[in-house]
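Chemist: quick one: sequence plus predicted model below, questions after.
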Amino acid sequence: MGRDVSPKVDPSAVMEHETYELEGVDISGHWNRMFEQRVIFDYDVAQLDRVTDLAGGESMGWCYQCSQCIGVCPVDHVGDYGPRKIFRKLQVGMDFFQSDDLWLCTTCGNCLRVCPKEVDMLKIMPAARKEAVLEGHVPAELQDVFEKTARYGNPLGKNPKRRVAWTKGLDVEVPIIADLDRKVDVLWWVSDYPSYHPRGMEASRSLARVLTKLGIDFAILGAEERHDGDSMLRAGEEGLFEMLAEQNIETLNKYEFDVLLTTDPHAFNAFLHEYPQRGGTYNVMHYSRFLADRIDDLGLSEEVLGTVTFHDPCYLGRQNGEYDAPRDLIEALPGAEFVEMWRNKENGYCCGGGGGGMWLDGKAAEHQTMRLSEKRVIEAVETGADTLCVVCPYEVSRFEDAVKSTNNDGALEVRDISELLAAAMGLPTD
Amino acid sequence: MPSNRVVVIGAGPTGLEAARLAAELGSPVTLIEKKDVPGGMPIHADYAALTHHFRDASEAMAEMIDAVTSNDLIDIRTGTEVTAVDGEAGAFTVGLAANGSSESVDAGAIILATGFQHFDPGRETQQYQYYELPDVVTIADAEKMIKSGSFVTPSTGKTPERVAFIQCVGSRDRQIGNEYCSKVCCGISSKQAIEIRQMVPDARVFIFYIDMRMYGYWENEIYWPAQEEHKVNYIKGIITEILPKGGRLVVRGEDTTMGRPMEVEMDVVILAVGMEPSEGTTAMSGILNLPTNKYGFVETAHDILDTVTTTVPGIFAAGAAVGPADLDDSIASAGAAAAKAVSLIRSAGVPV
């Protein structure tokens, strides 16, 4: 009997794999390309046309391969990704609408910042994902969040009535605007994670105490608040966004207030750029700016010892230009030393939560050596800081998970700026 | 004999412009053209639209020719060759031959505007089988087809589905001996790609390149519209070989930014051939005793600060006789040569 020389691998079935196991052996890495068909036999540019024909997808065809995007793409730092590569894959015939490449982008916008041709992934991704959503090609984990959001008004699938649970037993009063039956100076749009997530709730309690100490006339919507929809729009569920925006505008238009105060930079972005064209125009402020404008009234007297570094949320910083407010607040903390991370401000590294990334960790894990939040936490630890300050509710949980998974438990604490300010004001922070 | 006359050799765009300007400055001009009609390469090679503004080449050249023929100071001699030049700056004697008869003309200054010729890809770059495969053509061949209003696969006469350009054919090549960049081929290929997409909207057009050299406004006026509006596909990596297969052409090379070999079928492959000194430039540099560089283009005396003065006093060279040049360059250097020629005659004391 001769030895069995039949192929172990069916060449037609084996394509390029970023991770691959063959007969129990992990052969992940570029060298496994020896098993794939390498030769390009066709340029089926019809696939590129399908993207550039979309309203919003036009600029996908403008790439001239300078590759500046790849240098700053947060996903490429932990994987093999970016606009330049997507463009080429489309020219070679990739079906974007059924590809995982459609879901790895966090719409952090750093590629657009450096792109000489203005290839705009912030428009391309929502447009292409919308097509995939219509075709029914949505990762299950994201589909689940779409359905929860449609049903419950929040991506966590929590009971809307429990939105105010975080205010129970709080030492300060957090009025519901419907109960007040009057105009308020500030309507606080709390958002989902600060209402439902344990660590978000702690930050909300701190912010409520800070606002109260400042003597701000504020209220919240309570059970009437819904998800702002911004991340649903970036993730391709335009219909869901439109529904949420319509409901939220209807709710907001019932009440009188001067300032719409948002905890979440994504909600801030939606109220600033998406809601006005749909009939909802508000004087929207992110809480970091609102507090920074009142820095002298905060009464920051207690020492917050330690070294603090800061993570710029993409939708506060790069997308909307607010870099100073959080930094001014941190610098004002008595006793604290502020250190910047290597990548900051315009070049801030994405936490991975934007553009639907918050609910695509499973898909990302198939293609990335680590989560973006883990990469960022490692950068934070490298500064020597013992505290990572955040001003986006997506980040507290993402970074706390990352602190644990990168074995930095005890080395780095993740704190919302509200918590640091409350401590410096001598207020409780639980 | 001292003369205030300027003799311009070559009636392409450069020669026409030099003659027109020298006459406008007051000098009588004899414009000599070996071919029976003036207009140079745009006319003799049937250019369709000019790079970069897409102006109709025949119309633009007719305008240049009219400006010369309508000027009484300009004596235009077509079908005429320069056989000898004697004398010195301010007092040259230029020997002419036409239809078997010869004469001589006195000139105070001479402007050489004998231009370039297209690189012949059958001569050196045999890997592309230009002589063997009818559907492998050059940008000069493609320009003729575009001007004719019908862009087809030459072997079948049918509308092509896929057209590929290969850049840098006969340029930037130590083995061939043309180490220089021919400057215009990237722009002309992109211009033709736009025209092909307009003429044959269903055809896919690919440009395989080493680097796209779209300097100045060619970037935004040609390259970007070609890609963004006309959906021309630019792929980095030069085709190594063209193989006939099943009535089509298979182009083989590497798609460098994908890091993968590529082997794709095309209907027509267009070779973006570069520039070489024309026969006229070679012949005239000999007759005028003008030094040439290692590529055969006329050398100017003062490098980048004076692109038209040669090492022989009283003789100027302009346009692609000096090296690869686009139309803008050629027209500009024609102006410089005309001004310097007339200036030399005036400073020699010959009344103009």
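Modeler: Looks like it arrived, so ask away.
Chemist: rest of the way, CA atoms for contacts and neighbours
Modeler: Will do.
Chemist: and the residue of the stretch 101-250 of chain A found nearest chain B, what does it touch?
Modeler: Ranked by C-alpha to the nearest C-alpha, the top residue of the stretch 101-250 of chain A for proximity to chain B is residue A:117, at 9.0 Å. Each residue near residue A:117 by C-alpha atoms under 8 Å, 6 or more residues apart in numbering or on different chains is listed here: A:62, A:63, A:64.
Chemist: and with 7 Å instead?
Modeler: A:62, A:63 (C-alpha atoms under 7 Å, 6 or more residues apart in numbering or on different chains).
Chemist: tell me the pLDDT at it?
Modeler: Note on residue A:117: pLDDT of 97.
Chemist: I'd say residue A:411 and residue A:386 touch.
Modeler: Yes. The pair residue A:411 / residue A:386 is scored as a contact, 6.0 Å apart, by C-alpha atoms under 7 Å.
Chemist: these two: which is more packed in?
Modeler: Neighbours were counted for residue A:411 and for residue A:386 using other C-alpha atoms under 10 Å in any protein chain shown; residue A:386 has more, 18 against 13.
Chemist: so what's the more buried one closest to, chain neighbours aside?
Modeler: Residue nearest to residue A:386 in three dimensions, not counting chain neighbours: residue A:412, with 4.6 Å by C-alpha to C-alpha, 6 or more residues apart in numbering or on different chains.
Chemist: spell out which parts of the stretch 101-250 of chain B neighbour chain A.
Modeler: B:227, B:228 (C-alpha under 7 Å from any C-alpha of the partner chain).
Chemist: repeat the analysis, applying 6 Å as the threshold.
Modeler: Taking C-alpha under 6 Å from any C-alpha of the partner chain, the part of the stretch 101-250 of chain B that reaches chain A is made up of residue B:228.
Chemist: what sits against the closest residue to chain A within the stretch 101-250 of chain B?
Modeler: Proximity of the stretch 101-250 of chain B to chain A (C-alpha to the nearest C-alpha) peaks at residue B:228, 5.4 Å away. Residues near residue B:228 by C-alpha atoms under 6 Å, 6 or more residues apart in numbering or on different chains: residue A:62.
Chemist: got the phi and psi for it?
Modeler: Residue B:228 adopts backbone torsions of phi -80, psi -40, taken as degrees, to the nearest 10.
Chemist: roughly how far does residue B:300 sit from chain A?
Modeler: From residue B:300 across to chain A, the span is 37 Å (C-alpha to the nearest C-alpha, to the nearest Å).
Chemist: does that residue have beta-bridge partners, and which?
Modeler: Counting by DSSP bridges, residue B:300 is bridged to residue B:310.
Chemist: surely it touches residue B:313?
Modeler: No. Look at residue B:300 against residue B:313 with C-alpha atoms under 6 Å: they stay out of range, at 11.1 Å.
Chemist: for these two, work out which one has more neighbours and name it.
Modeler: Between residue B:300 and residue B:313, counted using other C-alpha under 10 Å, residue B:300 has the larger neighbour count: 23 against 14.
Chemist: what is the burial count for residue 264?
Modeler: Reading this off chain A. Neighbour count for residue A:264, taken as other C-alpha under 10 Å: 25.
Chemist: other chain: chain B
Modeler: 18.
Chemist: can you check residue A:283 too?
Modeler: 12.
Chemist: also residue B:330?
Modeler: Counted with other C-alpha under 10 Å, the neighbours of residue B:330 add up to 26.
Chemist: how about residue A:24?
Modeler: The number of residues near residue A:24, taken as other C-alpha under 10 Å, comes to 7.
Chemist: cool, residue B:157 as well?
Modeler: With other C-alpha under 10 Å as criterion, residue B:157 counts 10.
Chemist: residue B:274 now?
Modeler: 29.
Chemist: how close does it get to residue B:57?
Modeler: 19 Å (C-alpha to C-alpha, to the nearest Å).
Chemist: just residue A:368 next, same as before
Modeler: For residue A:368, the distance to residue B:57 equals 55 Å [C-alpha to C-alpha].
Chemist: swap in residue A:226?
Modeler: 64 Å.
Chemist: compare the two (neighbour count), which wins?
Modeler: More neighbours surround residue A:226 than the other of residue A:226 and residue B:57, with 25 against 19 (other C-alpha under 10 Å).
Chemist: what score does residue B:109 have for pLDDT?
Modeler: pLDDT at residue B:109 comes out at 98.
Chemist: just checking, it touches residue B:6?
Modeler: Yes. Proximity of residue B:109 to residue B:6 meets the contact threshold set by C-alpha under 6 Å, at 5.1 Å.
Chemist: so what's the residue count around the residue of the stretch 301-430 of chain A found nearest chain B?
Modeler: Here the residue of the stretch 301-430 of chain A nearest chain B is residue A:367; by C-alpha to the nearest C-alpha that distance is 18.1 Å. As a burial measure, residue A:367 scores 21 neighbours (other C-alpha under 10 Å).
Chemist: quick check, it in a strand?
Modeler: No. Per DSSP: H, G, I helix; E, B strand; the rest coil, residue A:367 lies outside any strand segment and is coil.
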